[in-house]
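A.B. asks: what would the 3D arrangement of this be:
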Amino acid sequence: VLSAQYCERLNVHATAAAVRVGNCIDCSLFLCVNTPPLLWGENHRIALAPFGTVYEGLGEHMFSAQVCARLERNYWGQPLSSARPRQEAEEEAAGCALLPPSKYLPFHVPVEVPTEAADGQGVPPVCELPFEYAEALAACLRRLDDFHREVSALRGSGMREVQQALHFRFKEWLVRTGNMRQLHDLMCSHGP
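C.D. replies: You can find the predicted model right below:
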């Protein structure tokens, strides 16, 4: 059972038999869960999306945890609310929404990269994705592949300009989105 309580600005990519979320704010959960996620307490701006992450051994981990990857057994987008009476339940459900497919992006675990991914190829998700999310993911990967081809064709000063612009924009994005903190925490967790 995955539990998130009193969390703020949390991003979770997980497979689990059950998920409980209580009193959380600005959280995104990318799930493959075999029971409807349980929302309790006061939640605000909770985004739910299907789990689409891949790493070496994921299928075996899910099998040993008895988590089914089939779409018809994945209740990621069907949360239940424990709030009572009915009006409170509707207000709590309003604090939770499905992430639009247009905002669904690939997520890579920075360890044990599958061989196909290391070679620059896309790796199909272990968990089945709803059609609209699979299409959005495929479109994103096509755009990334097109960009990679364009950048690979550059030479000399053109390549340096693109590298500088990407570096600057990436740092700007890290600061603007608050992801600089996550990157810093990841670097600190691995030591010097």
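A.B. asks: can you give me the helices for the protein?
C.D. replies: Using DSSP state H, the helices of the chain run over 58-64, 86-94, 115-118, 131-152, 156-177, 179-189.
A.B. asks: go through these and find the least confident stretch.
C.D. replies: Ranked by mean pLDDT, those bottom out at helix 86-94, which scores a mean of 51.
A.B. asks: rewinding a little: in a markdown table, list the helices of the chain along with distance to Thr35 and mean neighbour count.
C.D. replies: For the C-beta atoms, the positions are set from N, CA and C on the backbone; glycine is no exception. Converted to a markdown table, the helices of the chain look like this (distance: least, Cβ to Cβ, whole Å; neighbours: other Cβ atoms under 10 Å):
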| stretch | distance to Thr35 | mean neighbour count |
| --- | --- | --- |
| helix 58-64 | 15 | 13 |
| helix 86-94 | 17 | 13 |
| helix 115-118 | 30 | 12 |
| helix 131-152 | 20 | 13 |
| helix 156-177 | 31 | 11 |
| helix 179-189 | 29 | 11 |
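A.B. asks: let's have the ones you listed in JSON lines, adding distance to Ala47.
C.D. replies: Formatted as JSON lines, the helices of the chain follow (distance: least, Cβ to Cβ, whole Å):
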{"stretch": "helix 58-64", "distance to Ala47": "22"}
{"stretch": "helix 86-94", "distance to Ala47": "13"}
{"stretch": "helix 115-118", "distance to Ala47": "25"}
{"stretch": "helix 131-152", "distance to Ala47": "13"}
{"stretch": "helix 156-177", "distance to Ala47": "14"}
{"stretch": "helix 179-189", "distance to Ala47": "16"}
